[in-house]
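# This is the structure alone, sequence omitted:
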Ligand SMILES: Cc1cc2nc3c(=O)[nH]c(=O)nc-3n(C[C@H](O)[C@H](O)[C@H](O)COP(=O)(O)OP(=O)(O)OC[C@H]3O[C@@H](n4cnc5c(N)ncnc54)[C@H](O)[C@@H]3O)c2cc1C
């Protein structure tokens with residue numbers, strides 16, 4: 001994306017919500033569990049695995065976090081009943097991390113135990129850098145408490161990540177490795193696209209050398225190729241790594257990778273709290289700058305006339 005395009009895309013919060021909703025529909029399964037289940041069924045039929053996220057980033061009250069935890073219990077029941085090939089992803093703030101560490105731990109523990117009862121797995125998404133320490137602390141507490149059906153996400157954008165991998169090595173963590181969506185200051189993050197790629201591969205090497213199971217979460221063609229080369233160099237079998245992509249992104253490439261014999265998991269978000277997630281996805285879409293410029297200009301013209 002050019003500098004001008006990036007600047008336009010940052011104006012997205014000024015775009016009316018219905019416009020955001022229309023353009024982000026491809027990234028969200030829908031508002032209800034039934035819609036998420038239908039999408040996962042379709043993905044499974046096409047040979048893909050899924051991870052379902054109950055959207056809840058904008059919550060501000062304890063009852064809302066309890067409702068999100070309940071939504072995950074309902075989700076596990078649906079996964080079981082429908083025999084879906086899907087695990088779940090959670091965002092610590094949706095479970096109350098912004099309200100209290102203990103509240104988040106309680107909700108998370110509840111979800112991890114429910115998952116274990118049906119042999120399922122919980123991936124802890126990584127949010128902005130203000131949450132990294134506490135998210136990693138929650139992860140360690142769970143693992144040291146004997147909960148092995150939980151994994152974490154690490155972001156190659158952050159300068160600290162190689163150090164975090166070293167610090168987590170004793171747990172041989174299951175890790176989703178991504179670039180990191182949250183824009184962070186240069187003091188703590190790489191801001192140049194090439195530097196983020198280089199760090200991604202350093203982190204991937206460190207994780208694979210440490211025996212971690214890694215989900216390579218990227219749509220970046222060069223990075224997919226380099227990641228697969230590293231997996232192959234180490235002679236890893238099909239079950240020993242996976243590729244991950246977001247719902248609505250690079251669908252044809254997804255199919256090709258599955259046809260080539262790789263296991264691929266699609267991230268499927270659903271729920272009422274769609275706005276924050278949608279804005280981030282649209283901001284990453286290279287084709288969005290023009291659309292946003294038109295939508296915003298159209299609105300300004302209407303306001304003037
Ligand atoms: C399964 C999964 C889970 C993730 N979980 C987290 C998480 O927990 N924490 C976190 O910080 N980040 C997470 N991310 C987001 C990730 O950090 C990146 O922000 C995102 O994947 C874009 O980086 P990229 O590696 O795909 O490379 P990019 O260089 O951004 O994208 C490569 C190409 O992919 C296509 N593309 C990418 N995004 C879009 C889009 N929205 N619409 C249309 N085309 C697009 C474009 O062709 C683009 O040129 C996750 C990503 C995936 C795939």
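Here it is on my side, so go on. Please read these numbers as outputs of a predicted model, since none were measured by experiment. Numbering: from 1, shown residues only.
# check whether stretch 148-164 contacts the ligand.
Yes - Stretch 148-164 is in contact with the ligand by C-beta under 6 Å from any ligand atom, via 153, 155. Heads up, the C-betas are built off the backbone N, CA and C, glycines and all.
# Check which residues of that stretch are buried.
Within stretch 148-164, the residues that count as buried by 16 or more other C-beta atoms under 10 Å are 149-158, 160-162, 164.
# From residue 212, how far out is the closest residue to residue 180 other than its chain neighbours?
Nearest residue to residue 180, sequence neighbours excluded (C-beta to C-beta, 6 or more residues apart in numbering): residue 155, at 2.9 Å. Residue 155 is 15 Å from residue 212, where distance means C-beta to C-beta, to the nearest Å.
# For the stretch 201-305 of the chain, which segments count as strands?
Taking DSSP state E, counting those that start in this stretch as the test, the strands found in the stretch 201-305 of the chain are 214-217, 241-246, 264-270.
# would you turn those strands into JSON lines with mean pLDDT?
Below are the strands of the stretch 201-305 of the chain laid out as JSON lines (pLDDT from 0 to 100):
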{"stretch": "strand 214-217", "mean pLDDT": "98"}
{"stretch": "strand 241-246", "mean pLDDT": "98"}
{"stretch": "strand 264-270", "mean pLDDT": "98"}
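# in which helix or strand would I find the closest residue in space to residue 118 that isn't next to it in sequence?
Spatially, and ignoring its direct neighbours in sequence, residue 118 is nearest to residue 80 (5.1 Å; C-beta to C-beta, 6+ apart). If you go by DSSP states H and E, residue 80 is part of helix 62-81.
# C-terminal to that helix, what's the next element?
Toward the C-terminal end, the helix or strand that comes next after helix 62-81 (DSSP H and E) is strand 86-90.
# quick one: contacts of stretch 28-45?
49-50, 52, 55, 71, 74-75, 78-79, 82, 84-86, 247-248, 266, 268-272, 274, 277-278 (C-beta atoms under 8 Å, 6 or more residues apart in numbering).
# ugh, wrong one, stretch 236-252
Contacts of stretch 236-252 (C-beta under 8 Å, 6+ apart): 26-29, 39, 49, 51, 176, 208, 213-219, 224, 227-228, 231, 253-254, 257, 261-269, 281.
# what does this protein put close to the ligand?
Close to the ligand, as judged by C-beta under 6 Å from any ligand atom, the chain has residues 125-126, 153, 155, 176, 178-182, 217-220, 244-246, 249-250, 267, 281, 284-286.
# if we can go back for a sec, can you verify my assumption that the residue nearest to residue 118 contacts residue 115?
No - assessed by C-beta atoms under 8 Å, residue 80 is found out of contact with residue 115, at 10.6 Å.
# ok, these two, which is more surrounded?
residue 115 (23 against 13; other C-beta atoms under 10 Å).
# so what's the more buried one up against?
Here residue 115 is in contact with 76, 87, 88, 121, 122, 149 (criterion: C-beta under 8 Å, 6+ apart).
# and the residue nearest to the second one when sequence neighbours are not counted, what does it touch?
For residue 87, ignoring the flanking residues on the chain, the nearest one in space by C-beta to C-beta, 6+ apart is residue 121 at 4.1 Å. With contacts defined as C-beta under 8 Å, 6+ apart, residue 121 is in contact with 87, 88, 115, 149, 150, 151, 174.
# again, but for residue 233
Neighbours of residue 233 in contact, by C-beta under 8 Å, 6+ apart: none.
# What does the pLDDT read for it?
In this model, residue 233 is scored at 97, pLDDT.
# and it, how far is that from residue 208?
9 Å.
# Just the ones of the contacts of residue 121 in helices?
Among the contacts of residue 121, the members found in helices (DSSP state H) are residue 115.
# Export the contacts of residue 121 to a markdown table and append columns for pLDDT and distance to residue 34.
Converted to a markdown table, the contacts of residue 121 look like this (pLDDT from 0 to 100; distance: C-beta to C-beta, whole Å):
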| residue | pLDDT | distance to residue 34 |
| --- | --- | --- |
| 87 | 98 | 19 |
| 88 | 98 | 16 |
| 115 | 98 | 21 |
| 149 | 98 | 25 |
| 150 | 98 | 27 |
| 151 | 98 | 27 |
| 174 | 98 | 29 |
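# can you list contacts of stretch 91-99?
Residues contacting stretch 91-99 (C-beta under 8 Å, 6+ apart): 53-57, 59-62, 65, 68-69, 103-104, 107-108, 111, 124-125, 127, 131, 134-135, 138, 273.
# Show me which of those residues are buried.
Applying 16+ other C-beta under 10 Å to these, the neighbour count classes 53-57, 59, 65, 68-69, 103-104, 107-108, 111, 124-125, 127, 131, 134-135, 138, 273 as buried.
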